[in-house]
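Colleague: what would the 3D arrangement of this be:
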Amino acid sequence: MVFIDFFIACAALMAAYIARFEGGIPGQHFRQLLVLLPAIAIIRVMVNWRLGLYRVVWRYMALRDALQVLISIGAVSLVLALVRFTLYQAADFLMMSFGIIFIDMCLCAFGMVAVRFLPRIIEERRAHKVRGGELALIIGATDTGTTIAREALKNDELEINPIGFIDDNPERRDMKVHGIPILGTRGNLVDVIRKMGATEVIVADSALSSKEVWEVLDKCSETGARVRTAAQPFQLRSKRSTGGQQSKTSLREIRIEDILNRQPIPPSLTMDDLADVYRGDCIMVTGAGGSIGSELCRQLAQLEPSQLILVERDETNLFEIGRELSKSFGPIVVQMLADITDEEHMDAIFKKHKPDSVFHAAAYKHVPLMEKFPMHAVHNNIGGTRNVAMLADKYQSKRFVLVSTDKAVRPTSIMGATKRIAEMTVRELASKSDVDFSCVRFGNVLGSRGSVVGIFRDQIRKGGPVTVTHRDATRYFMTIPEAANLVIQAGTLGGNGDVFMLDMGAPVRILDLAKQMIRLSGASEDTVEIKITGIRPGEKLFEELQADNETMANTKLRKVMHAKVDTSPFDVEQFLEKLVFVKNNNPKGLRDAIKDLQIGYHSGPGEGAGADLKV
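Modeller: Here you go, the predicted structure:
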């Protein structure tokens, strides 16, 4: 490329002289040309080298690279013009006319940019020839859509032959992107699929609502075309997690999570904003191996903490999340195999690491199981929370965030009741502590262990039946990454035991969810039966976001509400002492004691089932 640039610089200057003098270069100017030609060509090559233009792979020439070429050419031409203006009396050979300088600059710019774009043009023309792979239509001529098209044209291994875009912007109709035509809108998707013989449709428009995605699925089912979507990392993550590089777009099948997910709303705080809050902190996450706890760890690790303490009592879960994070974040990740109810061991961990921020996600969460073993729920969810919160106060942490649940509102289950009492424990401790204690409630998360989505997916895979507890049962859903990110954001609000509620969107009827998942699997209700089994112990027909004595207020963060709750004094020590009689295996006595707290608890069906071990 150096020799090519040298040749272009020489040819451009010669052509400029010929053009300026209309083919007949006077003798004086011809001698000037002989003197300046090699000097100017060498200077242009040296400036190109100094700007790093010879370290670029020109097959992947981009506009910013072309701009660098133009800067180099313009800089040399500007110097020539200044020399002509200021030093022309020093020697006759410096008397270049401004016309020659301008023509030379234009010809150099055209030649050097053109020769660099040529490999890319040849490659793209080759890619547009007859290709194998699926004939694909891409919905959305967006950044994601055009990236998919460009990668497909370059990489035959993707086995995708993009034959057109579908875009709802009427101004783009009949236009081309990367040489690929925009063939129509979603309104005539079926006609375009049949006309072009497309065998695959790729949804690349993130602005489509759940209803619109379903419409695409329905239309594609009429034609038999496969539907995939762009799988991208959670949008709030910064480049910090990928070493400054954006993750490449990949494709996957559409999942129920895509259909149930709410419309994307920009977060109030980016990951860089959050890093300004948590950078340098020693951060502890309890329940670090669980669904929410592990995602909290993934996102918190990106915020440049001094240490990330993973507290988990399940050795396999701790090993997996520790191994995953250690690959990217190295020595800041500290694994602690510990039980939050073990006061002595937890005290030793706090004493050694003195965490600045504590995210308490450890809890028993499975409703029917806790109905069978209510004392275990009390011991872990209340006693464990009290233990970790008191240690945060003892060792002067800056903030403590309790991960709670919407089942704590007017609870009908032991699990919900114990989480409500855990909130009360945190609020009571906050009233006499300098630590910023807060609680964050939210509903079901998609893809968590034991979630209804995972259960349905497994049942459908086995051919059914898909079991639904009640025709009218509804639940709120949120993705794990979004929930974890909002918990981290809520932790910046501080507070005196404040309770925050995440915006869960609209509730989803579980029966409809089952039907949608069956459709997504390619089956039908004729082949996969849906069976109504009845409400399980402790379950509700529908979840509630606030109790009668609670009011919701906006915070400065989008999707995070402030729940103003009853702040009556609560003595957790006295309450736990009151439960001493349950050592005699009296689950009903435990439920009566919880009812006496007047938190709206009323036991659901199946109470008293099962036995417990110890307090």
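Colleague: doesn't Asp498 fall inside a strand?
Modeller: Yes. With DSSP: H, G, I helix; E, B strand; the rest coil as the criterion, Asp498 is assigned to a strand.
Colleague: shouldn't it be in contact with Met561?
Modeller: No. Contact status for Asp498 versus Met561: not in contact, 10.8 Å apart, counting by C-beta atoms under 8 Å. Glycine gets a C-beta too; all of them are placed from N, C-alpha and C.
Colleague: which sections of the stretch 51-200 of the chain are below the confidence cut-off?
Modeller: 56-62, 87-95, 120-133, 156-157 (pLDDT under 70).
Colleague: what about the strands in the stretch 351-500 of the chain?
Modeller: Using DSSP state E, counting those that start in this stretch, the strands of the stretch 351-500 of the chain run over residues 357-360, 399-403, 436-441, 444-446, 466-468, 474-475, 477-479, 496-502.
Colleague: again with the stretch 51-200 of the chain
Modeller: Counting by DSSP E, counting those that start in this stretch, the stretch 51-200 of the chain forms strands over residues 134-139, 160-166, 176-177, 180-184, 200-203, given from the N-terminal end onward.
Colleague: give me the contact list for the longest one.
Modeller: So the one you mean is strand 160-166. Strand 160-166 is contacted by residues 131-141, 145, 148-149, 152-153, 172, 177, 180-186, 189, 192, 196, 198, 200-202, 251 when judged by C-beta atoms under 8 Å, 6 or more residues apart in numbering.
Colleague: quick revisit: out of the strands of the stretch 351-500 of the chain, flag the one nearest Gln68.
Modeller: Distance to Gln68, taken as C-beta to C-beta, is lowest for strand 477-479 among those, at 40.8 Å.
Colleague: average model confidence for that closest one?
Modeller: What strand 477-479 shows for mean pLDDT is 82.
Colleague: try stretch 8-15
Modeller: Taken as a whole, stretch 8-15 has an average pLDDT of 86.
Colleague: hmm, back to that, now the buried members of the contacts of strand 160-166.
Modeller: With neighbours counted using 16 or more other C-beta atoms under 10 Å, the contacts of strand 160-166 contain these buried positions: 131, 133-141, 145, 148-149, 152-153, 177, 180, 182-186, 189, 192, 196, 198, 200-202, 251.
Colleague: quick check, Ile25 in contact with Gln32.
Modeller: No. With contact defined as C-beta under 8 Å, Ile25 does not count as touching Gln32 (9.2 Å).
Colleague: between these two, point out the one with more neighbours.
Modeller: With other C-beta atoms under 10 Å as the criterion, Ile25 and Gln32 differ in neighbour count, and Gln32 comes out ahead with 20 against 16.
Colleague: give me the three-state assignment for the more buried one.
Modeller: helix.
Colleague: from Thr418, how far out is the residue nearest to Ala417 when sequence neighbours are not counted?
Modeller: The spatially closest residue to Ala417, leaving aside those adjacent along the chain, is Pro411, at 4.2 Å (C-beta to C-beta, 6 or more residues apart in numbering). Pro411 sits 8 Å away from Thr418, taking C-beta to C-beta, to the nearest Å as the criterion.
Colleague: who's in contact with the closest residue in space to Ala66 that isn't next to it in sequence?
Modeller: The shortest distance from Ala66 to any residue that is not its chain neighbour, by C-beta to C-beta, 6+ apart, is 5.2 Å, and that residue is Val113. When the contact criterion is C-beta under 8 Å, 6+ apart, the partners of Val113 are Ala66, Val69, Leu70.
Colleague: hmm, try it at 10 Å
Modeller: The contact partners of Val113, by C-beta atoms under 10 Å, 6 or more residues apart in numbering, come to Met61, Asp65, Ala66, Leu67, Val69, Leu70, Ile73.
Colleague: quick check, nearest of those residues to Ser294?
Modeller: Using C-beta to C-beta, the contacts of Val113 come closest to Ser294 at Asp65, 40.7 Å.
Colleague: give the contact list for the closest residue in space to Lys595 that isn't next to it in sequence.
Modeller: When the adjacent residues along the chain are set aside, Lys595 lies closest to Tyr601, with 5.6 Å between them (C-beta to C-beta, 6+ apart). Contact analysis of Tyr601 by C-beta under 10 Å, 6+ apart lists 408, 410-414, 416-418, 420-421, 591, 594-595.
Colleague: Met390 contacts Asp347, doesn't it?
Modeller: Yes. In this structure, Met390 sits in contact with Asp347. The criterion is C-beta atoms under 10 Å, and the distance is 9.5 Å.
Colleague: ok, these two, which is more surrounded?
Modeller: A count of neighbours by other C-beta under 10 Å puts Met390 above the other of Met390 and Asp347, at 18 against 15.
Colleague: roughly how far does that one sit from Cys220?
Modeller: In this structure, Met390 and Cys220 are 56 Å apart, going by C-beta to C-beta.
Colleague: so where is the stretch 501-615 of the chain shaky, pLDDT-wise?
Modeller: Within the stretch 501-615 of the chain, the segments meeting pLDDT under 70 span 566-569, 579-588, 603-615.
Colleague: if we use 90, what do you get?
Modeller: In the predicted model of the stretch 501-615 of the chain, residues 501-528, 533-615 satisfy pLDDT under 90.
Colleague: helices of that one, residue ranges please.
Modeller: 510-520, 572-578, 587-595 (DSSP state H, counting those that start in this stretch).
Colleague: quick one: contacts for Ile309?
Modeller: When contacts are taken as C-beta under 10 Å, 6+ apart, Ile309 is in contact with 282-286, 288, 297, 332-336, 338, 349-350, 352-353, 355, 358.
Colleague: and if we set it to 7 Å?
Modeller: Listed by C-beta atoms under 7 Å, 6 or more residues apart in numbering, the contact set of Ile309 reads Cys282, Ile283, Met284, Val334, Met336, His353, Pro355.
Colleague: packing partners of the helix or strand harbouring the second one?
Modeller: When elements are assigned from DSSP states H and E, Ile283 belongs to strand 282-286. Identification of packing neighbours for strand 282-286 by 3 or more C-beta pairs under 7 Å, 6 or more residues apart in numbering; DSSP states H and E yields helix 291-301, strand 307-312, strand 357-360.
Colleague: pull up the pairing partners for the last one, direction included.
Modeller: To tie it back to what came earlier, the one meant is strand 357-360. Neighbouring strands of strand 357-360 in its sheet, by DSSP bridges, are strand 282-286 (parallel), strand 399-403 (parallel).
Colleague: of these, which is nearest Gly224?
Modeller: So among those, strand 399-403 is nearest, using C-beta to C-beta, at 44.2 Å.
Colleague: now do the closest one, average pLDDT.
Modeller: Model confidence over strand 399-403, given as mean pLDDT, is 94.
Colleague: report the angle between that strand and strand 436-441.
Modeller: Orientation of strand 399-403 against strand 436-441 (axes from the mean of the first three to the mean of the last three C-alpha atoms, to 10 degrees) gives an angle of 20 degrees.
Colleague: now strand 399-403 - C-alpha only, CSV.
Modeller: Listed next in CSV are the C-alpha coordinates belonging to strand 399-403 (Å, rounded to 0.1, in the frame of the first residue of the first chain):
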residue,chain,number,x,y,z
ARG,A,399,-25.8,0.0,52.3
PHE,A,400,-27.9,-3.2,52.7
VAL,A,401,-30.4,-4.2,50.1
LEU,A,402,-32.9,-7.0,50.9
VAL,A,403,-34.3,-8.8,47.8
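Colleague: okay, angle between that strand and helix 291-301 too, please.
Modeller: 150 degrees.
Colleague: report the contact partners of Ile321.
Modeller: Ile321 sits next to Ala288, Gly289, Ser294, Cys297, Leu310 when contact means C-beta under 7 Å, 6+ apart.
Colleague: looking at those, spot the one nearest Thr492.
Modeller: Within the contacts of Ile321, proximity to Thr492 (C-beta to C-beta) peaks at Cys297, which comes in at 17.7 Å.
Colleague: return the residues in contact with the closest one.
Modeller: With contact taken as C-beta under 7 Å, 6+ apart, Cys297 is in contact with Val285, Ala288, Leu308, Leu310, Ile321, Leu325.
Colleague: deepest in the core, which of the helices of the stretch 501-615 of the chain is it.
Modeller: Ranked by mean neighbour count under mean count of other C-beta atoms under 10 Å, the helices of the stretch 501-615 of the chain are led by helix 510-520, which reaches a mean of 19.
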